[in-house]
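Visitor: structure for this input, please:
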Amino acid sequence: MLATVPAGARKSTTGPRDLQTAVVQASADIESARTSGDPRYLGYAQAALAPWWNAKDAPLPVILLRAQIHQHNHSFEAALADLDHALVLDPRNPQARLTRAAIQQVQGNYTAAAADCRSLALLVEPLVTADCMSRVSSHRGAARGAYRKLLAMRDRAAGMEPRLRREIELTLADISMRIGEIETARLHFDQALTATDADAYTLLTFADFLLEQREYRQVVELFERYPDYADLLLRAALASRAINAANAGQLSQRLREQYAAHQRRGDFVPSRDYARFLLDIEGKASAALDAALFNWKSQREPADALIVVRAAIATGQPAAAAPVVTFVREQGLEDVRLLPLLSHILPERRT
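Guide: Model prediction:
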């Protein structure tokens, strides 16, 4: 793992002028953003690539890094355009395939994601391909089979690189949660957390798991251990409210100020977490539904579906969740958190 530069340490946003130095610096910044969850590092990375940022004929390493920055910023169409271009330049580039598959999965384009996963077969080690395919197929009505196949391959693997081990365990944990195998999911989270140093995504998904199990004090303790991870603030605020902690109001106010500051910058886009904030902290169900539906246009993961359905029920407008119902039925999505709610908001199809 590349070293993390302390937040705010940069004195200049002017990037290097030579390509090799710029690529090394931007790569380090993107890794720091992934590890810390601090979006400022993405700005540093973009600054490093400034001489080539808007160039249509940018070198391949720049195109790949630019796509990752767009991906982190949820500018998925821009990321996909860069990745499509990268694969024209280098059809066998595994990073481009992996990143494009991840974005296609987030957007619910599972057929396209599966095609990219299959293209990895001769480019990367088998576990990477298996992890990619398992993520996709587990969202298309084959969750238990995907879990068994990936688990078997993990158990046969020897000398797995720690970062890959973490990714495999997170995939297994996610599938386990969605099929209702809670203690199995917990074991996989434990493995993921010990595979490498803490990173923002692992902490975030683990905190959500603890919230769903109503293990609120553990969420608060997690935030106290990692107070610099911004995305944990929402989870800590929700947990503190649930147990009537003395600092619950203070945490909620920090969230309000955080979102207000983001909105003032002019680049604010409603997200799944913002919809959760509106619904569960502010009690503004109608605004939460608007935010959740806006987010649904570009992100269609199970958690995105869940907040749409919850907000639709809270507003008394179950029909607003119709796009989610259609998507879940068409894909055969399995999720024990979601399906009971869906059965209550719209009638079953008649045959």
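Visitor: so Thr205 is in which element?
Guide: Per DSSP states H and E: Thr205 is located in helix 200-212.
Visitor: okay, now Arg265: neighbour count?
Guide: 7 (other C-beta atoms under 10 Å). From N, CA and C alone the C-beta is placed, and that goes for glycine too.
Visitor: meant to ask about Ile69, not that
Guide: Ile69, neighbours per other C-beta under 10 Å, totals 23.
Visitor: is it true that it touches Ile30?
Guide: Yes: if you go by C-beta atoms under 8 Å, Ile69 and Ile30 touch, sitting 6.7 Å apart.
Visitor: what sits in contact with each of these two?
Guide: Shared contacts of Ile69 and Ile30, defined by C-beta atoms under 8 Å, 6 or more residues apart in numbering, are found at Leu42, Ala45.
Visitor: can you name the element that comes right after the helix holding Thr205?
Guide: Taking DSSP H and E, what comes next after helix 200-212 is helix 216-225.
Visitor: list the helices and strands that next one packs on?
Guide: With contacts taken as 3 or more C-beta pairs under 8 Å, 6 or more residues apart in numbering; DSSP states H and E, helix 216-225 sits against helix 200-212, helix 232-242.
Visitor: run through who's touching the last one.
Guide: Counting contacts by C-beta under 8 Å, 6+ apart, the residues outside helix 232-242 that touch it are 203-204, 207-208, 210-211, 214, 216-217, 219-220, 222-223, 226, 245, 247-248, 251-252, 254-255, 258, 273, 276-277, 280-281.
Visitor: just put the helices and strands packed on helix 216-225 in a markdown table and tack on mean pLDDT, distance to Leu293 and mean neighbour count.
Guide: Listed next are the helices and strands packed on helix 216-225 as a markdown table, based on pLDDT from 0 to 100; distance: least, C-beta to C-beta, whole Å; neighbours: other C-beta atoms under 10 Å:
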| stretch | mean pLDDT | distance to Leu293 | mean neighbour count |
| --- | --- | --- | --- |
| helix 200-212 | 96 | 21 | 20 |
| helix 232-242 | 97 | 19 | 23 |
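Visitor: for Leu80, which of those is the nearest?
Guide: Leu80 sits nearest to helix 200-212 of all the helices and strands packed on helix 216-225, at 20.5 Å, using C-beta to C-beta.
Visitor: rewinding a little: I'd like the helices and strands packed on helix 216-225 written out as a markdown table, with distance to Arg264 added.
Guide: Conversion of those to a markdown table gives the following (distance: least, C-beta to C-beta, whole Å):
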| stretch | distance to Arg264 |
| --- | --- |
| helix 200-212 | 24 |
| helix 232-242 | 18 |
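Visitor: what's the closest of those to Pro340?
Guide: Of these, the one closest to Pro340 (C-beta to C-beta) turns out to be helix 200-212, at 13.4 Å.
Visitor: sorry, back to before: identify whichever of the helices and strands packed on helix 216-225 lies nearest to Gln299.
Guide: helix 200-212 (14.6 Å).
Visitor: chain center to the closest one: distance?
Guide: 11 Å (C-alpha atoms, centre = their mean, to the nearest Å).
Visitor: what sits against the residue nearest to the spatial centre of the chain?
Guide: The chain has Tyr201 as the residue nearest its centroid, 6.9 Å off, counting by C-alpha atoms, centre = their mean. Tyr201 is in contact with Arg34, Gly37, Leu170, counting by C-beta under 8 Å, 6+ apart.
Visitor: most neighbours out of these, which is it?
Guide: Result: Leu170 is most packed of the contacts of Tyr201 (other C-beta under 10 Å), 22 neighbours.
Visitor: wait, that residue touches His188, no?
Guide: Yes: the pair Leu170 and His188 qualifies as a contact (C-beta under 8 Å) at a distance of 7.3 Å.
Visitor: can you mark which positions in stretch 80-100 are buried?
Guide: 80, 82-83, 85-87, 93-100 (16 or more other C-beta atoms under 10 Å).
Visitor: between the two ends of stretch 97-114, how far is it?
Guide: 10 Å (C-alpha to C-alpha, to the nearest Å).
Visitor: picking that back up, I'd like the contacts of Tyr201 as TSV, with distance to Trp296 and secondary structure appended.
Guide: Converted to TSV, these look like this (distance: C-beta to C-beta, whole Å; DSSP: H, G, I helix; E, B strand; the rest coil):
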residue	distance to Trp296	secondary structure
Arg34	25	helix
Gly37	23	coil
Leu170	23	helix
